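[1] Only the shape, not the letters, is given here:
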């Protein structure tokens, strides 16, 4: 028997960064995101001998351990081992070995929530294997705890919930780990138009989001007014974009994205840089009305809103920077698990 799962990556459309503590604990955060047709995958195959094999197929990394209640967290395949360690600690687990293999459709540090989505996918495979009585909120919250507390990785909360629930969601974040996921019912032709006009571009660079996020946290803790006000504005941006999307006011989409990009720069240093600025300006000159850096910033994917038929000219303008335009579709479904 093989236990499989997949979870979708996401595009953060508005409110990025307001899901990070301590901002959301103090002021409340709001995010608008949408899952796309790129995924993280996990497979668990029970073994006859007492070995635990963990491997990231896309990164060609593999480790073999003797069966143990806890695997070493040492900077190598820690996401895979961290999920196992938590599941083994909290739930009844068979005294036998297994092979856990994973694959992600986008590189780490790309800004599409790859790490958190992978954790959700791995959890989904264990839930399927052990028949654990966990709902969507339970899985997303457990994935968040594994990353932030068990592994000590800096970051927000939106990615785990997007990967688990799927679709287009307006999410609210509060103190005491309270999260409310509001699925948006959007007319199909609005989504088709958004999908047509929203160009997803990989800058061919990955970034270490933890450094940027740690500075963001420091700015909130030290009550840096410029940074905190920018986060307030980004929270309002999420509400503005939700309203525009529900009412089909897509002509406002680019301007709302551009407003968010201006605010995002103020949250922390290194969110933008000269290369990102040049790409952004080239896309606007070619016809984009706005865009943003996906995720924490510093590199990875960018998105641009290109009304009318300007997406073709924008794509052509982006090619000179050596990156890649990535084809995608929006998806309705979140985490899926099954066995064969």
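    Great, that's in hand. Predicted model, so just to flag it, every value in this text is computed and none were measured.

[2] doesn't residue 43 fall inside a helix?
    No. Counting by DSSP: H, G, I helix; E, B strand; the rest coil, residue 43 is not part of a helix but strand.

[3] residue contacts, it?
    Counting by CB atoms under 8 Å, 6 or more residues apart in numbering, residue 43 touches 2-5, 99-102, 125. Where you see a C-beta, it was placed from the backbone N, CA and C, and this is true even at glycine.

[4] Just the buried ones from those residues?
    Buried subset of the contacts of residue 43 (neighbour count, 16 or more other CB atoms under 10 Å): 3-5, 99-102, 125.

[5] Take the contacts of residue 43 and keep only those in helices.
    Within these, residues falling in helices by DSSP state H are residue 125.

[6] Could you dump the contacts of residue 43 into CSV and include pLDDT and distance to residue 241?
    Formatted as CSV, the contacts of residue 43 follow (pLDDT from 0 to 100; distance: CB to CB, whole Å):
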residue, pLDDT, distance to residue 241
2, 97, 40
3, 98, 37
4, 98, 34
5, 98, 30
99, 98, 42
100, 98, 37
101, 98, 37
102, 98, 32
125, 98, 33
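
[7] Next, format the contacts of residue 43 as JSON lines and append distance to residue 71.
    Conversion of the contacts of residue 43 to JSON lines gives the following (distance: CB to CB, whole Å):
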{"residue": "2", "distance to residue 71": "21"}
{"residue": "3", "distance to residue 71": "18"}
{"residue": "4", "distance to residue 71": "21"}
{"residue": "5", "distance to residue 71": "20"}
{"residue": "99", "distance to residue 71": "13"}
{"residue": "100", "distance to residue 71": "10"}
{"residue": "101", "distance to residue 71": "15"}
{"residue": "102", "distance to residue 71": "15"}
{"residue": "125", "distance to residue 71": "16"}
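
[8] Contact partners for the nearest residue to residue 180 once chain neighbours are set aside?
    Leaving aside its sequence neighbours, residue 180 sits nearest to residue 172 (CB to CB, 6 or more residues apart in numbering; 4.4 Å). Counting by CB under 8 Å, 6+ apart, residue 172 touches 28-30, 179-180, 182.
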